[in-house]
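*Asks:* The sequence and its predicted three-dimensional model are supplied below.
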Amino acid sequence: MNDRKKILDLFEQQKEYTDKRVSEDIEKYRKGNAEIIVTDKRGKPIHNVEIKAKQKSHEFRFGANLFMLDEFETEEKNEKYKKHFADVFNMATLPFYWDATEPEKEKTRYDKDSKKLYRRPPIDLCIEFCEKYGIEPREHALAYDRFFPKWLYEANVAQVKEALEKRYKEISERYADKIHTIEVTNEMEWVKGKTSFYDEPDFVKWCFKSAEEYFPNNQLVINEHTGLCWADRCRATDKYYSYIEANMLKGARIDAIGMQYHLFNRRENEYDATRLTLNPESLYKHMDLYSNFGKPLQITEVTVPAYSWASEDEEIQAEIIEKLYSIWFSHPNVEQIIYWNLVDGYAHVWDPDPEKIRASQGNMSLGENYYYGGLLRFDLSPKPAYYAIKNLIQNVWHTEETLVTSEKGTCSFRGFYGEYELEFDEDGKTMKKTVFLSSKDDNEIKVVL
């Protein structure tokens, strides 16, 4: 037996508690009732109509970053990447890093045919892919000082603010109507600032107040690293909780709370390092704490290591992911789960200094590559973890029902929130209708045959 299996011991010890909460809360918070009313054109109820209800997609958002779109060394790999992404996910994180969207002052690279920059596909290319496959794009990250462009490094605070406001305006004009989720700040506690503005006491408040001006109808998100989100003391005095609260009291409109989940632990330290992050009760406790703000939670960057392509290691990765996704999906305040790197072997070196050279493609000893944390191997073949997520989304958390209308022309079903195709069969005639079962509506569906 693989010794790594012991890292799952807390899931086993807390199995009764976890299974109960996952089962009950998914049923309570991820599903709803729909009533279908079928009439003829005169409003007369039609009974004995057979209706097949089949779920086509989820209201809940499952995603990954889209940083390797058209970035592979062969077209065959590019196409496999697109297929595997679109087959499972309905959300994609797009690379809005400022040093990639405007590497030279006044020279932006949003257009799809912009000059190549590794792991930074042009935003218009990403939007085109998302629109083609019905995937919702997600912005990352509007004001992330770690990746501010070099031409700002010597600027004073006023100059940085002026340039940042110009960036907000440009992105708003191009994408505010295409991208709902706008991640404003990221990793404030962990990252060493590159510009003069970063260390100013009003950085977070200013970034959110300005974002509110340019993105009034978008969801504004704050985001922070794993240690602050899942491994702090789980009190209202924790760093992340405190600075969210402080900035909201200052008037920052924070609409959602991002919580990264990277298990970047060396293999030899994995057990000791995961006593909180692989602890179901602790995970729920932290989500419950941040739910006190009354804002949705987003699991923004997930990396679960396999450490190798050995079958036992890959199966453990899949088992961990299945358990984690079930816990997150069950929590009423979570609305998104975003995996990070979809493919092994193509990551930058994981280091606070972005100037350091990235690991060569396929070199699994450096940077994030070391963790074998992707859902696809280097050759783009799916790992058990990929199929585990796909199975949860498309089979376990999926609704299909066959119904028949009553004398009053009505029938009802309970299903997971999302888009459905209804197929009506009356006297040998078939009609189809697309409807949405929403967590925010009464879900009364009226159909005229």
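*Replies:* Nice, I can see it.
*Asks:* Tyr198 and Asp145 touch, don't they?
*Replies:* Yes: shown here, Tyr198 and Asp145 form a contact pair, counting by CB atoms under 8 Å, at 4.2 Å. From N, CA and C alone the C-beta is placed, and that goes for glycine too.
*Asks:* Neighbour count for the two, which is higher?
*Replies:* Set Tyr198 next to Asp145 and count neighbours by other CB atoms under 10 Å: Asp145 wins out with 24 against 18.
*Asks:* Tell me the buried residues in stretch 137-156?
*Replies:* 137-149, 152, 155 (16 or more other CB atoms under 10 Å).
*Asks:* Repeat that for stretch 277-289.
*Replies:* So for stretch 277-289, counting by 16+ other CB under 10 Å, buried means Thr277, Leu278, Asn279, Pro280, Ser282, Leu283, Tyr284, His286, Met287, Leu289.
*Asks:* how close does the fifth one get to Tyr17?
*Replies:* I take that to be Ser282. 12 Å (CB to CB, to the nearest Å).
*Asks:* And for Glu189, the neighbour number?
*Replies:* The local packing of Glu189 (other CB under 10 Å) involves 11 other residues.
*Asks:* In three-state terms, label it for me.
*Replies:* Three-state assignment for Glu189 (DSSP: H, G, I helix; E, B strand; the rest coil): coil.
*Asks:* just to revisit the earlier point, which one among the buried residues of stretch 277-289 gets closest to Cys130?
*Replies:* Met287 (27.7 Å; CB to CB).
*Asks:* residue contacts, the closest one?
*Replies:* Contacts for Met287 (CB atoms under 8 Å, 6 or more residues apart in numbering) come out as Leu297, Trp328, His331, Asn333, Val334.
*Asks:* Now do the helix or strand hosting it, average pLDDT.
*Replies:* Take DSSP states H and E as the rule and Met287 turns out to sit in helix 280-290. The predicted model assigns helix 280-290 a mean pLDDT of 98.
*Asks:* The helix or strand following it pairs with which strands?
*Replies:* Toward the C-terminal end, the helix or strand that comes next after helix 280-290 (DSSP H and E) is strand 297-303. When pairing is defined by DSSP bridges, strand 297-303 lines up against strand 256-262 (parallel), strand 334-339 (parallel).
*Asks:* what angle do the longest one and helix 280-290 make?
*Replies:* Translated: strand 256-262. With axes from the mean of the first three to the mean of the last three CA atoms, to 10 degrees defining the directions, strand 256-262 sits at 150 degrees from helix 280-290.
*Asks:* Please read off the pLDDT at the spatially most distant residue from the centre of the chain from the model.
*Replies:* No residue in the chain sits farther from the centre than Arg42, which is 45.7 Å out by CA atoms, centre = their mean. The score at Arg42 is 95. That number is its pLDDT.
*Asks:* Same check on Thr430?
*Replies:* 89.
*Asks:* Leu422 is in contact with that one, correct?
*Replies:* No: if you go by CB under 8 Å, Thr430 and Leu422 don't touch, sitting 10.9 Å apart.
*Asks:* Those two: who's more crowded?
*Replies:* Leu422 (20 against 10).
*Asks:* So the more buried one: helix, strand or coil?
*Replies:* Assignment for Leu422 (three-state DSSP): strand.
*Asks:* hey, what's the spatially most central residue of the chain bridged with?
*Replies:* In the chain, the centroid-proximal residue (CA atoms, centre = their mean) is Ile338; its distance is 2.6 Å. Residues in a beta bridge with Ile338, per DSSP bridges, are Gly63.
*Asks:* Tell me the spacing between it and Glu12.
*Replies:* Look at Ile338 and Glu12: by CB to CB, they are 27 Å apart.
*Asks:* could you measure the closest residue to Lys178 other than its chain neighbours against Tyr339, distance?
*Replies:* Using CB to CB, 6 or more residues apart in numbering and skipping residues adjacent in sequence, the residue nearest Lys178 is Ile127, 5.9 Å away. To Tyr339, Ile127 is 20 Å away according to CB to CB.
*Asks:* one step back: please identify the helix or strand for the residue nearest to Lys178.
*Replies:* Going by DSSP H and E, Ile127 is part of helix 123-133.
*Asks:* And that helix, what does it pack against?
*Replies:* helix 75-88, strand 91-95, strand 136-140, helix 157-175 (3 or more CB pairs under 8 Å, 6 or more residues apart in numbering; DSSP states H and E).
*Asks:* what's the closest of those to Lys205?
*Replies:* Using CB to CB, the helices and strands packed on helix 123-133 put helix 157-175 closest to Lys205, at 12.2 Å.
*Asks:* quick one: terminal-to-terminal distance for stretch 211-230?
*Replies:* End-to-end distance for stretch 211-230, by CA to CA, to the nearest Å: 27 Å.
*Asks:* what comes up buried for that stretch?
*Replies:* Buried-residue list, stretch 211-230, by 16+ other CB under 10 Å: 211-212, 214-215, 218-230.
*Asks:* same check, this time on stretch 308-327
*Replies:* Buried residues in stretch 308-327 (16+ other CB under 10 Å): 313-327.
*Asks:* Between these, which sits nearest Lys77?
*Replies:* Taking those together and measuring to Lys77 by CB to CB, the closest member is Glu314, at 19.7 Å.
*Asks:* and that closest one, what is it in contact with?
*Replies:* Ala306, Ser308, Lys383, Pro384, Ala385.
*Asks:* remind me which residues of the chain are low pLDDT?
*Replies:* 1-2, 348-359 (pLDDT under 70).
*Asks:* ok, Lys432 - how many residues close by?
*Replies:* 10.
*Asks:* in the sheet, who's paired with it?
*Replies:* Glu423.
*Asks:* count of neighbours near the closest residue to Ser330 other than its chain neighbours?
*Replies:* Counting by CB to CB, 6+ apart, Ser330 lies nearest to Asp25, which is 4.1 Å off, once chain neighbours are set aside. Other residues lying near Asp25 total 17 when counted by other CB under 10 Å.
*Asks:* Pop out the phi and psi values for Asp25.
*Replies:* Phi and psi for Asp25, reported as degrees, to the nearest 10, are phi -80, psi -30.
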